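Asks: Pasting the sequence and the predicted coordinates here, then a few questions.
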Amino acid sequence: MWGFLPAERVGGDVLAQSAGGFFGAIRVWVACWLHSDEATDPEVKRGVFCTRPAIRQWPASLFAEFLGTAVLGACVTALVRGFVEPGAAPWWVGGLMLVVGLALGGTTGFASKLACDLAPRLA
């Protein structure tokens, strides 16, 4: 949308990230197989693989996700467009993700992107 990634690469990138999330979730499931058999609460089992809101309040969750996305989009755009040294941008973006996740992630589980949430749910 902002010209960082050519449009012809978007489909492949989404597919690659989703495949990574899917197979990563399967790897976690295999690693925790015996522990999963012992757990009786389905919410506990599901919590290993995907996020969910702490309290199901859709308007508040939607606002938190919108606000987090807006902050991330604006700040990452500013960072990448030259407000910091090019080699330092990944560190700033990582720190920004941490801050936004800590500030707003508790309400919704902070899925941050489709590949991190939908693909493990499918697995």
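Replies: Nice, I can see it. This structure is a prediction, so every number in the text was calculated from the model and none was measured.
Asks: how about the helices in the chain?
Replies: 7-31, 33-38, 42-49, 58-78, 89-108, 114-122 (DSSP state H).
Asks: Turn those helices into TSV, columns for mean neighbour count.
Replies: Quick note: C-beta positions are derived from backbone N, CA and C, even for glycine. Formatted as TSV, the helices of the chain follow (neighbours: other Cβ atoms under 10 Å):
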stretch	mean neighbour count
helix 7-31	13
helix 33-38	10
helix 42-49	13
helix 58-78	14
helix 89-108	15
helix 114-122	17
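Asks: Let me have those helices in a markdown table, adding mean pLDDT as columns.
Replies: Shown next, in a markdown table, are the helices of the chain (pLDDT from 0 to 100):
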| stretch | mean pLDDT |
| --- | --- |
| helix 7-31 | 87 |
| helix 33-38 | 77 |
| helix 42-49 | 73 |
| helix 58-78 | 84 |
| helix 89-108 | 84 |
| helix 114-122 | 75 |
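Asks: gap between the spatially most distant residue from the centre of the chain and Val44?
Replies: Most distant residue from the mean C-alpha position of the chain: Glu38, 27.9 Å away (Cα atoms, centre = their mean). Between Glu38 and Val44 the computed distance is 10 Å (Cβ to Cβ, to the nearest Å).
Asks: And for Gly21?
Replies: 20 Å.
Asks: what's the offset of stretch 11-21 from the middle of its chain?
Replies: Mean-position distance between stretch 11-21 and its chain equals 13 Å (Cα atoms, centre = their mean, to the nearest Å).
Asks: pLDDT at Met1, what is it?
Replies: We have a pLDDT of 56 for Met1.
Asks: What separation do you get for the nearest residue in space to Leu72 that is not next to it in sequence and Arg46?
Replies: Closest residue to Leu72 apart from its sequence neighbours, by Cβ to Cβ, 6 or more residues apart in numbering: Val100 at 5.8 Å. Between Val100 and Arg46 the distance is 24 Å, computed by Cβ to Cβ.
Asks: do the same with Ala74
Replies: Taking Cβ to Cβ, one finds Ala74 at 33 Å from Arg46.
Asks: so who does Ala39 touch?
Replies: Lys45 (Cβ atoms under 8 Å, 6 or more residues apart in numbering).
Asks: I'm done for today, thanks for sticking with me.
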